[in-house]
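Participant: The following comprises the amino acid sequence and a computationally predicted model.
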Amino acid sequence: MRHKQRIYLDYAASTPAHPDVLAAMQPHWSEIYGNASATHEYGRLASRALERARRQIADLLHAQPSEIIFAGCGSESDNLAVRGALLAARHRDGRNHLITSAIEHSAVLSTAMQLRDLFDFDLTILPVDAYGRVRPADVAAAIRPDTALISVMAANNEIGTLQPVCQIGQIARQHGVLFHTDAIQAAAVRDWHMDDLPVDMVSIAPHKFYGPKGVGVLFVRDGVDLVPILTGGGQEAGLRPGTSNVAFAVGAAKAMELAASEMGRRNAHYQKLRDLIIREMLAAFPDDCILTGHPAKRLPHNASFAFRHLSGSDLLTHLDMAGFAVSSGSACKSGDPKPSRVLQAIGLGPEWTKGGLRVTVGEHTSLTDVEKFLAAIPNVVAKMRMLNPR
């Protein structure tokens with residue numbers, strides 16, 4: 001790292017905190033440091049800051065403050081939605097069935113499988129089309145009288161495909177079934193009007209859009225019953241016990257405010273660079289590289305590919321040595337990678353499913369950064385082919 005300039009192209013994994021976010025958080029480390037549950041003045045100041053952050057996020061989502069729950073991360077937000085809704089439904093009226101998709105983040109899919117395998121819930125895992133989109137007709141066909149919850153992500157973290165959230169939500173409403181969407185990749189790239197969007201729960205992770213790590217947000221529509229997955233104090237309406245992380249809640253609210261106010265400019269910047277990467281990558285590797293995910297209905301900052309007969313984990317290592325931070329759909333960081341379950345779900349054969357590459361741009365990505373990456377990757381791939389000829 002001392003000898004070369006490094007270029008970060010993994011913004012879907014995490015982002016640097018915005019200076020305004022850091023500034024908003026700073027007083028809550030050293031000045032307004034009381035426990036928000038305490039009744040003295042120090043506690044009241046912290047509680048007011050926490051509730052201001054809750055109200056600010058609610059306003060941005062066109063929701064009510066009572067519908068905003070702070071969690072420890074996006075994965076915890078997903079877990080609370082899925083586990084909490086299913087446990088509540090089983091207790092309330094015996095509903096025992098969950099519908100999700102084959103390309104969900106593991107925070108949802110692994111949770112769903114554990115609920116099936118260890119807690120005797122019934123699970124339907126829907127297939128996706130060649131672009132990674134869930135078919136609304138498949139959702140409707142899977143609903144049963146005992147279906148308690150549908151959980152389908154708003155956008156896939158690996159291949160960037162946007163899902164038909166509104167259509168799925170309308171189907172769920174028609175059948176009286178709760179609908180949760182993991183919006184962790186999509187929260188900052190579109191408006192969320194929860195007052196008229198047919199979604200009951202939305203999971204958000206601010207570190208994906210220049211907020212702090214270590215905090216998640218769950219929108220829970222008023223009237224939705226959840227069983228808490230952690231027990232202890234009565235914080236967060238009894239749904240998430242533990243001393244409130246006021247600084248991170250304030251940082252989350254500030255990051256969401258900035259994302260909303262700068263959305264148009266940010267998305268235009270991302271999409272220009274994304275489209276250049278896609279165009280040049282497909283031109284550079286016409287036979288051995290394909291675009292994964294939907295060509296148009298995709299996240300504005302996500303360019304994802306699969307290479308034929310190439311190890312994605314080895315590709316990441318070589319690109320890292322060349323000074324570029326990207327990611328892959330590979331489940332392993334070294335050795336023989338496992339096939340990507342997302343690439344398998346979209347119908348790719350074994351010659352492709354170990355060769356995933358995800359390039360994601362951000363606020364700090366320049367045209368020069370992208371041009372350097374595009375100039376470097378043909379040499380990297382050629383070197384890999386030479387070292388490991390078929």
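Facilitator: Happy to help now that I have it. Keep in mind that what you see is a predicted model, and the values were worked out from it rather than measured.
Participant: distance between the ends of stretch 338-358?
Facilitator: 16 Å (CA to CA, to the nearest Å).
Participant: That stretch: which residues count as buried?
Facilitator: By neighbour count on 16 or more other CB atoms under 10 Å, the buried set for stretch 338-358 is 339-346, 348, 352-358. Where you see a C-beta, it was placed from the backbone N, CA and C, and this is true even at glycine.
Participant: Sort out for me which of the residues you listed are in strands.
Facilitator: Among the buried residues of stretch 338-358, DSSP state E puts 356, 357, 358 in strands.
Participant: does the first one have beta-bridge partners, and which?
Facilitator: Beta-bridge pairing of residue 356, defined through DSSP bridges, involves residue 306.
Participant: contacting residues around it?
Facilitator: Applying CB atoms under 8 Å, 6 or more residues apart in numbering to residue 356 gives the contacts 158, 292, 304, 305, 306, 312, 328, 329, 330, 340, 342, 343.
Participant: Format the residues you listed as JSON lines; extra columns: pLDDT and distance to residue 192.
Facilitator: Supplementary listing: the contacts of residue 356 in JSON lines, determined by pLDDT from 0 to 100; distance: CB to CB, whole Å:
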{"residue": "158", "pLDDT": "97", "distance to residue 192": "22"}
{"residue": "292", "pLDDT": "98", "distance to residue 192": "26"}
{"residue": "304", "pLDDT": "98", "distance to residue 192": "24"}
{"residue": "305", "pLDDT": "98", "distance to residue 192": "29"}
{"residue": "306", "pLDDT": "97", "distance to residue 192": "31"}
{"residue": "312", "pLDDT": "93", "distance to residue 192": "32"}
{"residue": "328", "pLDDT": "87", "distance to residue 192": "29"}
{"residue": "329", "pLDDT": "61", "distance to residue 192": "27"}
{"residue": "330", "pLDDT": "43", "distance to residue 192": "31"}
{"residue": "340", "pLDDT": "94", "distance to residue 192": "29"}
{"residue": "342", "pLDDT": "97", "distance to residue 192": "24"}
{"residue": "343", "pLDDT": "97", "distance to residue 192": "29"}
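Participant: Out of the residues you listed, who's the most crowded?
Facilitator: Among the contacts of residue 356, the one with the most neighbours (other CB atoms under 10 Å) is residue 304, at 31 neighbours.
Participant: any idea how far residue 249 lies from residue 268?
Facilitator: Distance, residue 249 to residue 268, by CB to CB, to the nearest Å: 30 Å.
Participant: Over to residue 327?
Facilitator: Taking CB to CB, one finds residue 327 at 24 Å from residue 268.
Participant: So which of the contacts of residue 356 sit within helices?
Facilitator: Cross-referencing the contacts of residue 356 against helices under DSSP state H gives 312, 342, 343.
Participant: Just give the nearest non-adjacent residue to the first one, would you?
Facilitator: So that's residue 312. In this structure, residue 312 finds its nearest non-sequential neighbour in residue 328, 3.5 Å apart by CB to CB, 6 or more residues apart in numbering.
Participant: what residues are up against that neighbour?
Facilitator: Contacts of residue 328 (CB under 8 Å, 6+ apart): 312, 313, 315, 316, 337, 340, 356, 357, 358.
Participant: Recalculate using a threshold of 6 Å.
Facilitator: Under the criterion of CB atoms under 6 Å, 6 or more residues apart in numbering, the contact list for residue 328 reads 312, 316, 356, 357.
Participant: hang on, the first one packs against residue 355?
Facilitator: It refers to residue 312. Yes. Contact criterion CB atoms under 6 Å: residue 312 and residue 355 qualify, at 5.1 Å.
Participant: on that earlier part again, with the ones in helices among the contacts of residue 356 in mind, which one is nearest to residue 228?
Facilitator: Comparing these against residue 228 with CB to CB places residue 342 closest, at 30.7 Å.
Participant: Can you tell me the closest non-neighbouring residue to the spatially most distant residue from the centre of the chain?
Facilitator: What lies farthest from the middle of the chain is residue 40; by CA atoms, centre = their mean that is 37.9 Å. Excluding its sequence neighbours, the residue lying closest to residue 40 (CB to CB, 6+ apart) is residue 34, at 7.2 Å.
Participant: in what helix or strand does the one you found lie?
Facilitator: Using DSSP states H and E, residue 34 sits in no helix or strand.
Participant: what's the answer for the one 10 residues further on, then?
Facilitator: Here residue 44 is covered by helix 41-60, with elements defined by DSSP H and E.
Participant: what separates that helix from the chain centre, distance-wise?
Facilitator: With CA atoms, centre = their mean, to the nearest Å as the basis, helix 41-60 stands 25 Å off its chain's centre.
Participant: buried ones in it?
Facilitator: Buried-residue list, helix 41-60, by 16+ other CB under 10 Å: 45-47, 49-51, 53-54, 56-60.
Participant: would CSV of those with distance to residue 365 and pLDDT be doable?
Facilitator: Below are those laid out as CSV (distance: CB to CB, whole Å; pLDDT from 0 to 100):
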residue, distance to residue 365, pLDDT
45, 39, 97
46, 36, 97
47, 39, 97
49, 33, 98
50, 33, 98
51, 36, 98
53, 29, 98
54, 32, 98
56, 28, 98
57, 27, 98
58, 31, 98
59, 30, 98
60, 25, 98
